[in-house]
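S.K.: Sequence and computational prediction follow.
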Amino acid sequence: MARKTWLGVGWAGPTAFLPVAAAILCLAPAVQPARAVSVVLQDSNSLVTIDVDGPGGGAAGGVREWLMDGVNQNKLEWFWYRLGEGGPEVPINALGRSWMKVSDTNEDPGLDTLSVRYGSTAGLHVEAQFNLMGGEPGSGTSDLSEVIKIHNATGQYVTVHFFEYADFDLGGNPQDLEVRITGGNTAWQRDKVSITDYLMAETPAISPDLVEVSATGSILAGLTDGGPTTLSNFAGPLYNGDLAWAFEWDMVLAPGAEFITSKNKNISTTIVPEPLTLAGMFLGGLGLAGYLRKRRTSAARRCIHGPSAGGVAW
Ligand SMILES: [Ca+2]
Ligand SMILES: [Ca+2]
Ligand SMILES: [Ca+2]
(Lines give C-alpha, C1' and ligand atoms only; values in the text may rest on other atoms or scores of the structure.)
(Ligands and ions follow the chains in the order given, each with its own letter.)
Protein backbone atom coordinates (compact mmCIF):
# COMPACT_ATOMS: atom_id res chain seq x y z
CA MET A 1 0.00 0.00 0.00
CA ALA A 2 1.40 3.39 -0.98
CA ARG A 3 2.35 5.57 1.91
CA LYS A 4 1.15 9.13 2.21
CA THR A 5 3.65 11.94 2.46
CA TRP A 6 2.36 14.73 4.64
CA LEU A 7 3.55 18.22 3.81
CA GLY A 8 2.40 20.70 6.39
CA VAL A 9 3.34 23.98 7.94
CA GLY A 10 5.34 24.10 11.12
CA TRP A 11 3.54 24.17 14.40
CA ALA A 12 4.45 26.69 17.08
CA GLY A 13 3.05 25.00 20.16
CA PRO A 14 3.57 25.97 23.75
CA THR A 15 7.09 25.26 24.95
CA ALA A 16 6.75 25.27 28.70
CA PHE A 17 5.14 22.73 30.98
CA LEU A 18 2.07 24.28 32.57
CA PRO A 19 1.43 23.19 36.13
CA VAL A 20 -1.92 21.51 36.64
CA ALA A 21 -3.88 22.05 39.82
CA ALA A 22 -3.46 19.16 42.22
CA ALA A 23 -7.21 18.90 42.57
CA ILE A 24 -7.56 17.67 39.02
CA LEU A 25 -4.90 15.01 39.20
CA CYS A 26 -4.95 11.67 40.92
CA LEU A 27 -1.49 10.48 41.90
CA ALA A 28 -0.77 6.94 40.79
CA PRO A 29 -0.16 4.20 43.38
CA ALA A 30 3.06 4.47 45.39
CA VAL A 31 4.66 1.57 43.50
CA GLN A 32 4.72 3.72 40.40
CA PRO A 33 7.16 6.57 39.75
CA ALA A 34 6.20 9.83 41.44
CA ARG A 35 5.84 11.47 38.01
CA ALA A 36 3.13 9.07 36.86
CA VAL A 37 -0.14 10.95 36.68
CA SER A 38 -3.72 10.02 35.97
CA VAL A 39 -6.07 12.69 34.71
CA VAL A 40 -9.78 12.40 35.46
CA LEU A 41 -12.24 13.98 33.03
CA GLN A 42 -15.88 14.36 34.07
CA ASP A 43 -19.00 15.49 32.25
CA SER A 44 -22.60 14.81 33.26
CA ASN A 45 -23.08 10.99 33.41
CA SER A 46 -19.49 10.20 32.35
CA LEU A 47 -16.01 9.93 33.88
CA VAL A 48 -12.81 9.03 32.02
CA THR A 49 -9.46 8.25 33.64
CA ILE A 50 -6.37 8.71 31.46
CA ASP A 51 -2.98 7.43 32.61
CA VAL A 52 -0.88 9.99 30.75
CA ASP A 53 2.58 8.65 31.66
CA GLY A 54 2.27 4.90 32.10
CA PRO A 55 4.03 3.02 34.90
CA GLY A 56 7.52 3.82 33.61
CA GLY A 57 10.07 1.76 31.74
CA GLY A 58 8.46 2.58 28.41
CA ALA A 59 5.20 0.82 29.29
CA ALA A 60 1.97 2.22 27.93
CA GLY A 61 -0.25 4.79 29.52
CA GLY A 62 -3.76 4.93 28.21
CA VAL A 63 -7.44 5.59 28.63
CA ARG A 64 -7.95 3.09 31.44
CA GLU A 65 -11.51 3.74 32.55
CA TRP A 66 -14.66 5.20 30.99
CA LEU A 67 -17.58 5.23 33.38
CA MET A 68 -21.01 5.88 31.90
CA ASP A 69 -23.84 6.07 34.44
CA GLY A 70 -21.43 4.43 36.91
CA VAL A 71 -20.52 1.42 34.73
CA ASN A 72 -17.04 1.05 33.18
CA GLN A 73 -17.09 0.58 29.40
CA ASN A 74 -13.38 0.48 28.62
CA LYS A 75 -10.38 -1.68 29.46
CA LEU A 76 -7.64 0.11 27.48
CA GLU A 77 -7.33 2.51 24.59
CA TRP A 78 -4.00 4.10 23.56
CA PHE A 79 -1.57 5.00 20.83
CA TRP A 80 1.72 3.43 19.73
CA TYR A 81 4.14 4.29 16.91
CA ARG A 82 7.17 2.89 15.12
CA LEU A 83 9.76 4.83 13.13
CA GLY A 84 10.91 3.05 9.99
CA GLU A 85 10.53 -0.64 9.25
CA GLY A 86 12.58 -2.23 12.02
CA GLY A 87 12.39 -2.39 15.77
CA PRO A 88 9.47 -2.41 18.16
CA GLU A 89 6.47 -0.12 18.51
CA VAL A 90 6.48 2.18 21.52
CA PRO A 91 3.62 4.00 23.25
CA ILE A 92 3.42 7.75 22.63
CA ASN A 93 4.07 8.42 26.33
CA ALA A 94 7.57 6.91 25.85
CA LEU A 95 8.46 10.19 24.08
CA GLY A 96 8.13 11.87 27.48
CA ARG A 97 5.38 14.28 28.44
CA SER A 98 6.49 17.85 27.69
CA TRP A 99 3.28 19.83 28.19
CA MET A 100 -0.22 19.26 29.55
CA LYS A 101 -3.38 21.16 30.35
CA VAL A 102 -6.71 19.98 31.77
CA SER A 103 -9.65 22.32 31.38
CA ASP A 104 -13.38 22.90 31.66
CA THR A 105 -14.90 23.92 28.34
CA ASN A 106 -18.64 23.82 28.94
CA GLU A 107 -21.48 24.57 31.36
CA ASP A 108 -21.04 21.35 33.33
CA PRO A 109 -18.53 22.19 36.12
CA GLY A 110 -16.37 19.08 35.58
CA LEU A 111 -12.97 19.24 33.86
CA ASP A 112 -13.80 17.72 30.48
CA THR A 113 -10.75 18.26 28.25
CA LEU A 114 -7.14 17.06 28.34
CA SER A 115 -4.47 18.40 26.01
CA VAL A 116 -1.09 16.70 26.29
CA ARG A 117 2.09 16.77 24.26
CA TYR A 118 4.79 14.10 24.17
CA GLY A 119 8.32 14.67 22.91
CA SER A 120 10.50 17.70 22.36
CA THR A 121 9.30 20.43 20.02
CA ALA A 122 12.76 20.17 18.43
CA GLY A 123 12.07 16.58 17.33
CA LEU A 124 9.17 14.31 16.45
CA HIS A 125 6.38 15.07 18.88
CA VAL A 126 2.78 14.01 19.35
CA GLU A 127 -0.06 16.12 20.70
CA ALA A 128 -3.31 14.50 21.84
CA GLN A 129 -6.54 16.17 22.89
CA PHE A 130 -9.38 14.31 24.63
CA ASN A 131 -12.79 15.92 25.12
CA LEU A 132 -15.52 14.13 27.09
CA MET A 133 -19.22 14.84 26.49
CA GLY A 134 -21.50 12.87 28.77
CA GLY A 135 -25.23 12.43 28.32
CA GLU A 136 -27.77 13.27 30.99
CA PRO A 137 -27.68 10.95 34.03
CA GLY A 138 -29.36 7.67 33.14
CA SER A 139 -29.38 8.46 29.42
CA GLY A 140 -27.03 5.59 28.50
CA THR A 141 -25.00 7.68 26.08
CA SER A 142 -21.53 9.21 26.11
CA ASP A 143 -18.93 10.54 23.68
CA LEU A 144 -15.15 10.93 23.84
CA SER A 145 -13.57 12.91 21.00
CA GLU A 146 -9.85 12.64 20.30
CA VAL A 147 -7.58 14.74 18.10
CA ILE A 148 -4.07 13.50 17.38
CA LYS A 149 -1.30 15.58 15.84
CA ILE A 150 2.14 14.23 14.88
CA HIS A 151 4.70 16.90 14.01
CA ASN A 152 8.11 16.27 12.47
CA ALA A 153 10.55 18.98 13.58
CA THR A 154 13.65 16.86 12.95
CA GLY A 155 14.74 18.37 9.63
CA GLN A 156 14.70 14.84 8.12
CA TYR A 157 12.06 12.77 6.35
CA VAL A 158 10.61 10.37 8.90
CA THR A 159 8.62 7.21 8.21
CA VAL A 160 5.96 6.81 10.88
CA HIS A 161 3.65 3.86 11.55
CA PHE A 162 1.02 5.08 13.99
CA PHE A 163 -1.37 2.74 15.82
CA GLU A 164 -4.56 3.14 17.81
CA TYR A 165 -5.54 0.16 19.95
CA ALA A 166 -8.88 -0.19 21.76
CA ASP A 167 -10.25 -2.89 24.03
CA PHE A 168 -13.78 -1.95 25.08
CA ASP A 169 -15.79 -4.06 27.52
CA LEU A 170 -19.15 -2.36 27.08
CA GLY A 171 -21.58 -2.57 29.96
CA GLY A 172 -18.73 -3.71 32.24
CA ASN A 173 -18.78 -7.11 30.53
CA PRO A 174 -15.45 -8.44 29.16
CA GLN A 175 -17.38 -10.89 26.97
CA ASP A 176 -18.01 -8.86 23.83
CA LEU A 177 -20.88 -9.83 21.55
CA GLU A 178 -19.48 -8.56 18.24
CA VAL A 179 -16.62 -6.42 16.90
CA ARG A 180 -16.04 -5.48 13.26
CA ILE A 181 -14.49 -2.76 11.10
CA THR A 182 -16.97 -1.57 8.50
CA GLY A 183 -16.16 0.36 5.35
CA GLY A 184 -12.44 0.15 6.09
CA ASN A 185 -12.63 2.95 8.64
CA THR A 186 -15.37 2.46 11.23
CA ALA A 187 -14.78 0.42 14.36
CA TRP A 188 -18.07 -1.02 15.56
CA GLN A 189 -18.66 -3.01 18.74
CA ARG A 190 -21.81 -4.41 20.26
CA ASP A 191 -22.43 -5.88 23.71
CA LYS A 192 -25.53 -6.97 25.56
CA VAL A 193 -25.93 -6.96 29.32
CA SER A 194 -29.33 -8.11 30.58
CA ILE A 195 -31.85 -6.14 28.51
CA THR A 196 -29.43 -3.33 27.58
CA ASP A 197 -27.86 -3.32 24.13
CA TYR A 198 -24.57 -1.34 24.02
CA LEU A 199 -23.11 0.06 20.81
CA MET A 200 -19.72 1.76 20.36
CA ALA A 201 -18.65 3.31 17.06
CA GLU A 202 -15.65 5.34 15.91
CA THR A 203 -14.87 6.76 12.46
CA PRO A 204 -11.59 8.69 12.16
CA ALA A 205 -11.47 11.74 9.90
CA ILE A 206 -8.52 10.20 8.04
CA SER A 207 -9.10 6.56 7.18
CA PRO A 208 -6.47 4.13 8.44
CA ASP A 209 -4.22 2.25 6.03
CA LEU A 210 -4.66 -1.04 7.87
CA VAL A 211 -7.06 -2.40 10.49
CA GLU A 212 -7.36 -5.48 12.68
CA VAL A 213 -9.95 -7.15 14.86
CA SER A 214 -8.80 -9.92 17.19
CA ALA A 215 -9.04 -11.47 20.63
CA THR A 216 -7.93 -8.93 23.18
CA GLY A 217 -4.38 -10.13 23.81
CA SER A 218 -3.26 -10.67 20.23
CA ILE A 219 -2.93 -7.12 18.90
CA LEU A 220 -1.55 -5.81 22.18
CA ALA A 221 1.12 -8.53 22.15
CA GLY A 222 2.26 -7.32 18.74
CA LEU A 223 2.45 -3.71 19.90
CA THR A 224 4.46 -4.57 22.99
CA ASP A 225 6.88 -7.21 21.67
CA GLY A 226 10.40 -6.53 20.40
CA GLY A 227 9.81 -6.61 16.66
CA PRO A 228 7.98 -4.60 14.00
CA THR A 229 4.25 -5.24 13.73
CA THR A 230 1.92 -4.63 10.82
CA LEU A 231 -1.82 -5.03 11.29
CA SER A 232 -3.36 -7.95 9.41
CA ASN A 233 -6.23 -5.98 7.81
CA PHE A 234 -8.68 -8.59 9.17
CA ALA A 235 -11.84 -6.56 9.70
CA GLY A 236 -13.95 -9.25 11.35
CA PRO A 237 -16.61 -9.67 12.38
CA LEU A 238 -15.63 -11.65 15.45
CA TYR A 239 -18.24 -12.81 17.94
CA ASN A 240 -18.50 -13.82 21.60
CA GLY A 241 -15.17 -13.25 23.28
CA ASP A 242 -13.05 -10.58 24.89
CA LEU A 243 -12.32 -8.73 21.66
CA ALA A 244 -10.27 -5.72 20.61
CA TRP A 245 -9.57 -3.70 17.48
CA ALA A 246 -6.82 -1.45 16.10
CA PHE A 247 -6.10 1.05 13.32
CA GLU A 248 -2.73 1.71 11.63
CA TRP A 249 -1.75 4.83 9.69
CA ASP A 250 1.45 4.66 7.59
CA MET A 251 3.06 7.90 6.49
CA VAL A 252 6.26 9.68 5.55
CA LEU A 253 6.51 13.07 7.22
CA ALA A 254 8.62 15.68 5.45
CA PRO A 255 10.66 18.08 7.58
CA GLY A 256 8.20 20.47 9.25
CA ALA A 257 5.18 18.39 8.20
CA GLU A 258 2.43 17.15 10.43
CA PHE A 259 -0.38 14.61 10.41
CA ILE A 260 -3.67 15.42 12.15
CA THR A 261 -6.69 13.22 12.55
CA SER A 262 -9.76 13.41 14.76
CA LYS A 263 -12.37 10.91 15.82
CA ASN A 264 -15.29 10.43 18.16
CA LYS A 265 -15.89 7.35 20.21
CA ASN A 266 -19.62 7.25 20.77
CA ILE A 267 -21.38 4.86 23.15
CA SER A 268 -25.14 4.47 23.03
CA THR A 269 -27.62 2.03 24.51
CA THR A 270 -30.98 0.54 23.63
CA ILE A 271 -33.31 -1.39 25.92
CA VAL A 272 -34.22 -4.69 24.25
CA PRO A 273 -36.75 -6.81 26.21
CA GLU A 274 -35.85 -10.50 26.55
CA PRO A 275 -38.03 -12.98 24.58
CA LEU A 276 -39.69 -14.10 27.83
CA THR A 277 -40.49 -10.51 28.61
CA LEU A 278 -41.86 -10.08 25.11
CA ALA A 279 -43.89 -13.25 25.57
CA GLY A 280 -45.16 -11.91 28.86
CA MET A 281 -46.11 -8.68 27.17
CA PHE A 282 -47.82 -10.65 24.40
CA LEU A 283 -49.71 -12.84 26.87
CA GLY A 284 -50.49 -9.80 28.93
CA GLY A 285 -51.82 -8.17 25.79
CA LEU A 286 -53.93 -11.24 25.05
CA GLY A 287 -55.25 -11.23 28.60
CA LEU A 288 -56.14 -7.56 28.37
CA ALA A 289 -57.83 -8.10 25.02
CA GLY A 290 -59.82 -11.03 26.48
CA TYR A 291 -60.81 -8.99 29.49
CA LEU A 292 -61.99 -6.12 27.31
CA ARG A 293 -63.87 -8.53 25.05
CA LYS A 294 -65.55 -10.16 28.06
CA ARG A 295 -66.42 -6.80 29.54
CA ARG A 296 -67.92 -5.62 26.25
CA THR A 297 -69.99 -8.82 26.00
CA SER A 298 -71.16 -8.49 29.59
CA ALA A 299 -72.05 -4.86 29.02
CA ALA A 300 -74.01 -5.77 25.92
CA ARG A 301 -75.97 -8.42 27.85
CA ARG A 302 -76.78 -5.90 30.56
CA CYS A 303 -77.97 -3.54 27.85
CA ILE A 304 -80.32 -6.19 26.54
CA HIS A 305 -81.67 -7.32 29.92
CA GLY A 306 -81.39 -4.08 31.90
CA PRO A 307 -84.30 -1.96 33.08
CA SER A 308 -86.24 -0.44 30.28
CA ALA A 309 -86.35 3.05 31.74
CA GLY A 310 -85.67 5.22 34.69
CA GLY A 311 -82.83 3.25 36.21
CA VAL A 312 -79.13 2.56 35.94
CA ALA A 313 -78.32 -1.00 35.03
CA TRP A 314 -74.69 -0.84 36.33
CA1 LIG B 1 -17.13 20.89 31.96
CA1 LIG C 1 5.70 -5.23 17.56
CA1 LIG D 1 -13.03 -6.34 24.96
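M.R.: Everything's here; your move. Ligands and ions are numbered 1, 2, ... in the order given.

S.K.: how many other residues sit next to the closest residue to ligand 1 within the stretch 151-300 of the chain?
M.R.: Here the stretch 151-300 of the chain gets closest to ligand 1 at one residue, residue 264, 17.1 Å apart by C-beta to the ion. Glycine gets a C-beta too; all of them are placed from N, C-alpha and C. Around residue 264 there are 15 other residues, counting by other C-beta atoms under 10 Å.

S.K.: list the contacts for it?
M.R.: By C-beta atoms under 8 Å, 6 or more residues apart in numbering, residue 264 lies in contact with 143-146, 202-203.

S.K.: Most neighbours out of those, which is it?
M.R.: So for the contacts of residue 264 (other C-beta under 10 Å), the most neighbours sit at residue 144, 26 neighbours.

S.K.: now residue 79, nearest residue through space, not along the chain?
M.R.: residue 92 (4.7 Å; C-beta to C-beta, 6 or more residues apart in numbering).

S.K.: and that neighbour, how many residues sit next to it?
M.R.: 28.

S.K.: Provide the backbone phi and psi angles at it.
M.R.: Main-chain torsions, residue 92, degrees, to the nearest 10: phi -60, psi -30.

S.K.: for the one 10 residues further on, same thing?
M.R.: Its backbone dihedrals place residue 102 at phi -120, psi 130, with angles given as degrees, to the nearest 10.

S.K.: wouldn't it be in contact with residue 113 here?
M.R.: Yes: assessed by C-beta atoms under 8 Å, residue 102 is found in contact with residue 113 at 7.0 Å.

S.K.: what's the overlap in contacts for the two?
M.R.: residue 41.

S.K.: tell me how far the longest strand along the chain is from the chain's mean position?
M.R.: The longest strand of the chain (DSSP state E) is strand 258-271. Distance of strand 258-271 from the chain centroid (C-alpha atoms, centre = their mean, to the nearest Å) equals 6 Å.

S.K.: swap in stretch 163-173?
M.R.: With C-alpha atoms, centre = their mean, you get 7 Å for stretch 163-173.

S.K.: now that stretch: mean pLDDT?
M.R.: Average pLDDT, stretch 163-173: 97.

S.K.: Equivalent analysis for stretch 76-89, please.
M.R.: 97.

S.K.: Show me what counts as buried in that stretch.
M.R.: 76-82, 89 (16 or more other C-beta atoms under 10 Å).

S.K.: tell me which parts of the stretch 201-314 of the chain are close to ligand 1?
M.R.: For the stretch 201-314 of the chain, no residue is in contact with ligand 1 (C-beta under 5 Å from the ion).

S.K.: related to what we said a few turns ago, the contacts of residue 264: which two are farthest apart?
M.R.: Taking C-beta to C-beta as the measure, the contacts of residue 264 span a maximum distance of 13.5 Å, between 144 and 203.

S.K.: about what we covered before: would you convert the contacts of residue 264 into JSON lines that also reports distance to residue 225 and pLDDT?
M.R.: Converted to JSON lines, the contacts of residue 264 look like this (distance: C-beta to C-beta, whole Å; pLDDT from 0 to 100):
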{"residue": "143", "distance to residue 225": "33", "pLDDT": "98"}
{"residue": "144", "distance to residue 225": "28", "pLDDT": "98"}
{"residue": "145", "distance to residue 225": "31", "pLDDT": "98"}
{"residue": "146", "distance to residue 225": "25", "pLDDT": "98"}
{"residue": "202", "distance to residue 225": "25", "pLDDT": "98"}
{"residue": "203", "distance to residue 225": "29", "pLDDT": "97"}
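
S.K.: which one of those residues sits closest to residue 209?
M.R.: Distance to residue 209 across the contacts of residue 264 (C-beta to C-beta) is lowest for residue 203, with 15.2 Å.

S.K.: wait, that closest one sits on residue 184?
M.R.: No: when contacts are counted by C-beta under 8 Å, residue 203 is not listed as touching residue 184 (10.2 Å).

S.K.: got the contact list for the closest residue to residue 42 other than its chain neighbours?
M.R.: Residue nearest to residue 42 in three dimensions, not counting chain neighbours: residue 110, with 3.2 Å by C-beta to C-beta, 6+ apart. Applying C-beta under 8 Å, 6+ apart to residue 110 gives the contacts 41-44, 104.

S.K.: With residue 154 instead?
M.R.: So residue 154 contacts 123-124, 255 (C-beta under 8 Å, 6+ apart).

S.K.: Out of the residues you listed, which comes closest to ligand 2?
M.R.: For these, the nearest to ligand 2 is residue 124 (18.5 Å; C-beta to the ion).
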